[in-house]
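Trainee: return a 3D structure for these sequence lines:
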Amino acid sequence: MFKIKEAGSTVTTEILAGITTFVTMSYIIFVNPAILGDAGMDKDALIVVTCLASALGTFLMAIFANYPIALAPGMGLNAFFAYAVVLNMKIDGNSVSWQMALAAVFIEGAIFAVLTLTSIREAIMNSIPKSLKIGISAGIGLFIAFIGLQNAGIVVNNDATLLGLGSIKNNIPMIFSLCGLLLMSVLTAWNVKGALLIGIVVITGVAAAMGLVTVPANFVSQPPSIAPIFGKLDFSLIKTSEFWVVVFAFFFVDFFDTIGTLVGVCNRSGLLDEKGNLPRAKGALMADAVATMAGAFMGTSTVTSYVESSSGVAQGGRTGLTAIVTALLFVVAIFFTPLVSMVPGYATAPALVIVGIYMMMSLRDINYDDWTELIPSLLGFFMMPLAYSIATGIEFAVVSYVVIKLLTGRSKDISFLMIVLSVLFVAKEFLA
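Mentor: Predicted coordinates:
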């Protein structure tokens, strides 16, 4: 079913990759409820819904597209949902409830589904030049590595220079992260299968033995009811223009985050074709759209493809079996949330750094002799972590590509869709 041999993988490799992806992104099980809980939603119910929505989306990705990519409620999108929309936005003088915000997410998912069925979304993805796809892939890698360094406390805020090196003195999490990074690097250099997973387990185990991680008395827990947030969508504001502004905001970020993630992960794993296009793109995009609608109905913010899937790809995952394993673990996690919560952030942070380095290796495929291709690609590469947004990196890459090509007399290299995207990106920034 998954054509594992044809993909150059094995069942064992796919299983290890699925476990690695789950462990790397399992933080979402607790972070998503913490963020959406600030919007007034039931946190206990959110733990279960986060697992269910992630499992469903990841399972659909495996069945529809046979890709080793996992889905979950998107970070950034959940913060926008809670803090920008529910807690700070007003429509007709009234606050926006989380029920109304869920309705906006549901509609956004429905629009995604329609665009995917009409192949518009797939056409946009395939219209992006191969050089930009390389830059986007590497940019996501730099972004992931940056997040990992932040989570490890190695890179911190600095008032003088914006960023600086964290203090290692008496900084146990940073020390553990550095040790984990060295361990994973050595295991990876020796081509040890499951190197990232081994590193995460070892660091977690040592931390637990030293009393730095609380070992729960019971690893199994009874899942709470999802009734407080299930099916609570409120469409009462659908006739207001402000409501559609919210829908567009969710739509825009999800659209280009998903495209960036799919292109980035699939490019580094060799899943793009010779033209740099993504085979079975429609299935992958439909999985994202259906998961978003289902997630909104269950009670969570936009479900999207996760860049942490690269950790499983780095371990050799190449097919939907990797995603199936990750999906099953999200279901199991509903009953083992105390055990999942044991894994500290400083154990998974080094894995993100290794994955980021792995994805940045695609920069070797850029044509460094063609400045009209090189500059836009590297602008996308730099802007993702600097702006802390995959979508912003894509904006800079696309707009600069079109402008530079036009001003150097190479308009034949530009597709019509690239021009349309550039106009939309520029308009968005001026109208925001």
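
Trainee: and the helices in the stretch 201-350 of the chain, which stretches?
Mentor: Shown for the stretch 201-350 of the chain, the helices assigned by DSSP state H, counting those that start in this stretch span residues 241-268, 281-298, 309-314, 320-333, 337-340, 345-360.

Trainee: need the three-state assignment for the residue nearest to Pro129 when sequence neighbours are not counted.
Mentor: In space, not counting the residues next to it along the chain, Pro129 is nearest to Tyr401; the distance is 6.7 Å by C-beta to C-beta, 6 or more residues apart in numbering. Using the backbone N, CA and C atoms, a C-beta is placed for each residue, glycine as well. For Tyr401, the assignment made with DSSP: H, G, I helix; E, B strand; the rest coil gives helix.

Trainee: I'd like the numbering to begin with 258 instead of 1 from here.
Mentor: Shifting the count to begin at 258 puts that one at Tyr658.

Trainee: surely Tyr658 and Met675 touch.
Mentor: Yes: with contact taken as C-beta atoms under 8 Å, Tyr658 and Met675 are classed as touching, separated by 6.8 Å.

Trainee: okay, and the common contacts of the two?
Mentor: In the contact map built from C-beta atoms under 8 Å, 6 or more residues apart in numbering, the residues linked to both Tyr658 and Met675 are Pro386.

Trainee: OK, contacts around the residue nearest to Pro386?
Mentor: Residues counted as contacts of Tyr658 (C-beta under 8 Å, 6+ apart) are 386, 389, 629-630, 633, 671, 675.

Trainee: swap the cut-off to 7 Å and go again
Mentor: Under the criterion of C-beta atoms under 7 Å, 6 or more residues apart in numbering, the neighbours of Tyr658 are 386, 389, 633, 675.

Trainee: and the gap between the residue nearest to the spatial centre of the chain and Ala296?
Mentor: Centre of the chain computed as the mean C-alpha position; nearest residue by C-alpha atoms, centre = their mean is Tyr563, 2.7 Å away. Applying C-beta to C-beta, to the nearest Å, one obtains 21 Å for the distance of Tyr563 from Ala296.

Trainee: would you map the strands across this structure?
Mentor: In chain order, the chain shows strands spanning 328-330, 347-348, 351-352, 412-415, 419-422, 560-562, with DSSP state E as the criterion.

Trainee: for Leu454, which of those is the nearest?
Mentor: Leu454 lies closest to strand 328-330 among those, at 18.3 Å (C-beta to C-beta).

Trainee: hmm, who's touching the closest one?
Mentor: Contact partners of strand 328-330, identified using C-beta under 7 Å, 6+ apart, comprise 282, 285, 289, 307, 310-311, 314-315, 318, 544-545, 548, 552, 557-563.

Trainee: now, of those residues, which are buried?
Mentor: Restricting the contacts of strand 328-330 to buried positions leaves 282, 285, 289, 307, 310-311, 314-315, 318, 544-545, 548, 552, 557-563, with burial counted as 16 or more other C-beta atoms under 10 Å.

Trainee: which among the strands of the chain is found nearest to Ala360?
Mentor: When the strands of the chain are ranked by proximity to Ala360 (C-beta to C-beta), strand 347-348 comes first, at 11.9 Å.

Trainee: can you list the domains in this structure?
Mentor: By the assignment in automatic domain parsing, the chain contains the domains 268-618, 624-689.

Trainee: show me the one of the ones you listed that comes nearest Lys260.
Mentor: Per C-beta to C-beta, nearest to Lys260 of these: domain 268-618, 6.5 Å.

Trainee: show me where the stretch 308-457 of the chain has helices.
Mentor: With DSSP H, counting those that start in this stretch as the criterion, the stretch 308-457 of the chain has helices spanning 334-336, 355-374, 377-384, 387-408, 429-446, 452-466.

Trainee: next, the angle from the third one to helix 387-408.
Mentor: Same thing as helix 377-384. Compare the direction of helix 377-384 with that of helix 387-408 by axes from the mean of the first three to the mean of the last three C-alpha atoms, to 10 degrees and you get 100 degrees.

Trainee: and helix 377-384, C-alpha only, in PDB?
Mentor: The C-alpha trace of helix 377-384 is given here as PDB (Å, rounded to 0.1, in the frame of the first residue of the first chain):
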ATOM      1  CA  ILE A 377      -5.900  26.300  -7.900                       C
ATOM      2  CA  ARG A 378      -3.900  25.600  -4.700                       C
ATOM      3  CA  GLU A 379      -1.800  22.900  -6.500                       C
ATOM      4  CA  ALA A 380      -1.200  25.200  -9.400                       C
ATOM      5  CA  ILE A 381       0.100  27.900  -7.100                       C
ATOM      6  CA  MET A 382       2.400  25.400  -5.400                       C
ATOM      7  CA  ASN A 383       3.800  24.200  -8.800                       C
ATOM      8  CA  SER A 384       4.200  27.700 -10.100                       C
END
